[in-house]
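1. I would like the atomic coordinates for the input below:
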Amino acid sequence: MSAYQEAFDLSAAEPEVFWKQQAENLAWFQFPTTILSQDEHGIERWFADGELNTAYLALDHHVAQGRGDQTALIYDSPVTGQKARYTYRVLRDQVAKVAGMLAELGVEKGDRVVIYMPMIPEAAMAMLACARLGAIHSVVFGGFAPNELAVRIEDAEPKVVITASCGVEVSKVIPYKPMVDQAVMDSRWKPAHVVVFQRKQCLADLHHARDKDWSALMRTATPHDCVPVKATDPLYILYTSGTTGKPKGVVRDNGGHAVAMHYSMSTIYHVDPGDVFWAASDVGWVVGHSYIVYAPLIYGCTTIMYEGKPVRTPGPSAFWRVCDEYGVKVLFSAPTAFRAIKKEDPDGTFLQDYPMVNLTTIFMAGERLDPPTLEWVEAKTGRPVVDHWWQTETGWAIAGNPLGLERFVVKPGSATKPIPGYQVEVLNELGEVQPANTQGYIAIKRPLPPSCLPTVWRNHDRFESGYLSQFPGYYVSGDGGYIDEDGYLFVMGRIDDVINVAGHRLSTGEMEEVVGSHEAVAECAVIGIHDELKGQLPLGLVVLKDGFVSENGNIEQALLQKVRQEIGAVACFQQAIIVDRLPKTRSGKILRRVIRQIADGEQYVVPSTIDDPSSLDELARVLE
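-> So this is what the prediction gives:
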């Protein structure tokens, strides 16, 4: 039996035995005797009587093991020109002081702290300091609009808000303090203190009694020890968009999260302590929580905080430069980042300056990885690309290519196989398991593995109704797809990205795959728009690679013909429109639902996560 199959079978048949083995790899203050139990709501909880501290695992433990001089964190900021390195010992000492600073402001175990900061080391220090105290942090992406920050402050009820004076973008500086002031004014909940880290690019005016200067507080702060917490105590709240428009506060516990983070680094990413691991994301997203801050540090790797973009900081070589300069072994980012690089450097010319001798693998997640992007990155870098699928709610990958156990043959369009711990099944509307190659609802059989959310902050009913009630005994992912005859999982997109054309259920993801494979296409989105006759019809929006121009609609016609040939006339793919850009979230996800609402002439709400609201106005003009 293969190593993967052995691990998968044990995790499915005897989850308590399997996860106890993984828990033994951590330095607990009190090792759990109860591995799997249920809470008062009947929700499975992991390691309920265990005690630990996540910041201790991420920092103090490594220092105690004699590895304090190893680099823990590299900061690289092309937008400011700053670079810095922090060893495990230095980072531990800084985090202990930040924890002391927060304690002196009255923050205790169980209190909430909202962190609204750019990609600077102090953001990670603030997160780890909260973990050190047993406080619960909630990171809000720096630059979010005041009303969105206000909603999160109101829900989390933080004792302290930590911010920076500004964020620095490619061509502008964004003052944060006025947005924080507006959010606090608009919120029914008022934090006791707002701590501001001053950046020289834009100094903030500290004019409220609640305002505190980070540097001044740090000068007198006393280092604070790690506070033991229960494994089931919350580590953080991370808000994710909800179908009602009101963000859901995903709760992550300490124990299950730490065990899963440690396990994933060896099993999925196949790294060793001391390796350089770079998740090119932001701490405002779950990838930043899991794989910039917690997992690499818990495992003993060197992690990178990069304050920049994949392009325009200064050009499409940014990722390759960082990988080469710091000896990155594993690079992890979203497909949209690589599509942006491909658009500006379609021939991969800039790669030639950076040999990246330590880089072994490139991982992608966050949205569906279209085969053309996978093939381009593999061809230009000469490195294998691993597509893996996970969600904010799970905190780590549901499916992927588990390189630490077995390297499976890649099937473009597939996230490969379920990771041990996840029992993934495809169900129909009646909750019946579907045969191979039959599309349906992707669901995970309970118990969910460690790290998956046990509730929604202050709204357990919303957790049950949103994730557990549709198919009893299962967690519903909200994504649709199928499992093939070899056990490979194909995630075709959100359930509402399946359109109904004259009674035929068709995947827009499949059409995007065909359109995106054309040599001229940098990226695309296919949505279903209302049609009186057929119910819905697909509409393709296409961004061309630099250097390609459509003359007399020749590219558009070629795309229509390509879909007809590869999917068939049943797709009714009759419209492809060239656009300059697609509206996206800050994390790079295409806003398909909003695009669909614009195309159908419906009222729509500008999402809080949007990267550039003007992109919606541009699209509305194109679709008029």
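
2. From now on I want contacts and neighbour counts done on CA atoms only, so please keep to that.
-> OK.

3. Please name the residues that touch residue 390.
-> 365, 366, 396, 397, 398, 399 (CA atoms under 8 Å, 6 or more residues apart in numbering).

4. Residue 259: which of those residues is nearest?
-> Nearest to residue 259, judged by CA to CA, of the contacts of residue 390 is residue 396 at 11.1 Å.

5. Domain map for this protein?
-> When the chain is parsed with automatic domain parsing, its domains come out as 3-308+388-481, 502-623.

6. Including distance to residue 341 and mean pLDDT, could those domains go into TSV?
-> Compiled in TSV, the domains of the chain are given as follows (distance: least, CA to CA, whole Å; pLDDT from 0 to 100):
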stretch	distance to residue 341	mean pLDDT
domain 3-308+388-481	13	96
domain 502-623	9	88
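
7. which stretch among the ones you listed comes nearest residue 342?
-> domain 502-623 (6.7 Å).

8. how far out from the middle of the chain is the closest one?
-> With CA atoms, centre = their mean, to the nearest Å as the basis, domain 502-623 stands 24 Å off its chain's centre.

9. mind listing what's buried in the longest helix belonging to the chain?
-> Secondary structure of the chain per DSSP state H: the longest helix is helix 88-104. For helix 88-104, the buried set under the neighbour-count rule, 16 or more other CA atoms under 10 Å, comprises 88-103.

10. thinking again about what came up before, out of the domains of the chain, which gets nearest to residue 375?
-> That would be domain 3-308+388-481 among the domains of the chain, by CA to CA, at 8.2 Å.

11. Just the endpoints, please. Distance across that closest one?
-> 26 Å (CA to CA, to the nearest Å).

12. follow-up on the earlier one: now do the longest helix of the chain: distance to the chain's middle.
-> For helix 88-104, the distance to the chain centre is 26 Å (CA atoms, centre = their mean).

13. and what of stretch 201-208?
-> 31 Å.

14. which residues sit against it?
-> So stretch 201-208 is contacted by 165, 166, 168, 173, 175, 177, 196, 198, 212, 213 (CA under 8 Å, 6+ apart).

15. quick check, nearest of these to residue 586?
-> residue 168 (14.4 Å).

16. Of the domains of the chain, which stretch is the most buried?
-> domain 3-308+388-481 (a mean of 20; mean count of other CA atoms under 10 Å).

17. Tell me the gap between that one and the middle of its chain.
-> 10 Å.

18. Same check on stretch 483-495?
-> Distance, centroid of stretch 483-495 to centroid of chain: 20 Å (CA atoms, centre = their mean).

19. That one: which residues count as buried?
-> 483, 488, 489, 490, 491, 492, 493, 494, 495.

20. So the fourth one is in contact with residue 414, correct?
-> By that I understand residue 490. Yes: taking CA atoms under 8 Å as the definition, residue 490 is a contact partner of residue 414 at 4.4 Å.

21. follow-up on the earlier one: which member of the buried residues of helix 88-104 is positioned nearest residue 151?
-> residue 102 (22.8 Å).

22. returning to that earlier point: of the contacts of stretch 201-208, which is the nearest to residue 14?
-> Checking these one by one against residue 14 (CA to CA), the nearest turns out to be residue 196, at 48.4 Å.

23. Distance check, the closest one against residue 465.
-> Taken as CA to CA, the span from residue 196 to residue 465 is 39 Å.

24. what do you get for residue 559?
-> For residue 559, the distance to residue 465 - CA to CA - is 41 Å.

25. Make CSV out of the domains of the chain and add distance to residue 318.
-> Output for these, formatted as CSV (distance: least, CA to CA, whole Å):
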stretch, distance to residue 318
domain 3-308+388-481, 8
domain 502-623, 17
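
26. Go through these and name the closest to residue 355.
-> domain 3-308+388-481 (15.9 Å).

27. residue contacts, residue 126?
-> Here residue 126 is in contact with 95, 98, 99, 115, 162 (CA under 8 Å, 6+ apart).

28. Next step: the buried residues of stretch 483-495 restricted to strands.
-> Cross-referencing the buried residues of stretch 483-495 against strands under DSSP state E gives 483, 489, 490, 491, 492, 493, 494.

29. Test my guess that the first one contacts residue 492.
-> No: counting by CA under 8 Å, no contact exists between residue 483 and residue 492, whose distance comes to 10.9 Å.

30. quick one on the thing from earlier: pick out the most distant pair among the buried residues of helix 88-104.
-> 88 and 103 (22.0 Å).

31. Now do the helices in the stretch 401-550 of the chain.
-> Ranges of helices within the stretch 401-550 of the chain are 460-463, 508-516, based on DSSP state H, counting those that start in this stretch.

32. Give me the phi and psi for the residue of the chain most remote from its centre.
-> For the chain, the largest distance from the centre (CA atoms, centre = their mean) belongs to residue 552, which lies 40.2 Å off. When read as degrees, to the nearest 10, the backbone of residue 552 gives phi 60, psi 30.

33. CA-only coordinates of stretch 507-520, as PDB, when you get a sec.
-> Output of stretch 507-520 as PDB, limited to C-alpha atoms (Å, rounded to 0.1, in the frame of the first residue of the first chain):
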ATOM      1  CA  SER A 507     -20.100  24.700 -16.100                       C
ATOM      2  CA  THR A 508     -18.800  28.200 -16.800                       C
ATOM      3  CA  GLY A 509     -15.400  26.900 -15.500                       C
ATOM      4  CA  GLU A 510     -15.200  24.400 -18.300                       C
ATOM      5  CA  MET A 511     -15.900  27.200 -20.800                       C
ATOM      6  CA  GLU A 512     -13.200  29.400 -19.200                       C
ATOM      7  CA  GLU A 513     -10.800  26.500 -19.600                       C
ATOM      8  CA  VAL A 514     -11.400  26.400 -23.300                       C
ATOM      9  CA  VAL A 515     -11.300  30.200 -23.800                       C
ATOM     10  CA  GLY A 516      -8.200  30.500 -21.700                       C
ATOM     11  CA  SER A 517      -6.300  28.000 -23.700                       C
ATOM     12  CA  HIS A 518      -6.200  30.400 -26.800                       C
ATOM     13  CA  GLU A 519      -2.700  31.800 -27.300                       C
ATOM     14  CA  ALA A 520      -3.900  35.400 -27.200                       C
END
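
34. what comes into contact with it?
-> So stretch 507-520 is contacted by 368, 370-372, 492-493, 497-499, 521-528, 538, 540, 544-545, 548, 555, 559, 562-563, 566-567 (CA under 8 Å, 6+ apart).

35. One more pass at 6 Å, please.
-> Under the criterion CA atoms under 6 Å, 6 or more residues apart in numbering, residues 370, 372, 492, 498, 526, 544, 545, 548, 559 lie in contact with stretch 507-520.

36. among those, which are in strands?
-> Those of the contacts of stretch 507-520 lying in strands (DSSP E): 492, 498, 526, 544.

37. residues touching the third one, list them.
-> Residue 526 sits next to 508, 512, 539, 540 when contact means CA under 6 Å, 6+ apart.

38. With residue 595 as the reference, measure out to the first one.
-> What it means is residue 508. 13 Å.

39. Now do the residue lying closest to residue 574 once chain neighbours are set aside against residue 579, distance only.
-> Of all residues not flanking residue 574 in the chain, residue 560 sits nearest, at 6.1 Å (CA to CA, 6 or more residues apart in numbering). Noted for residue 560: a distance of 16 Å to residue 579, by CA to CA.

40. cool, and residue 4?
-> For residue 4 relative to residue 579 (CA to CA), the value is 44 Å.

41. Following the chain onward from the helix or strand hosting residue 128, which element is next?
-> Assigned by DSSP states H and E, residue 128 belongs to helix 121-133. Downstream of helix 121-133, the first helix or strand assigned by DSSP H and E is strand 136-139.

42. elements contacting that following strand?
-> Applying 3 or more CA pairs under 6 Å, 6 or more residues apart in numbering; DSSP states H and E, we find strand 136-139 packed against strand 112-116, strand 234-240.

43. again, only using 10 Å
-> Packing partners of strand 136-139 (3 or more CA pairs under 10 Å, 6 or more residues apart in numbering; DSSP states H and E): strand 112-116, helix 121-133, helix 146-156, strand 160-164, strand 234-240, strand 248-253.

44. Can you tell me which of those is nearest to residue 46?
-> Nearest to residue 46, of the helices and strands packed on strand 136-139 and by CA to CA, is strand 248-253 at 9.1 Å.
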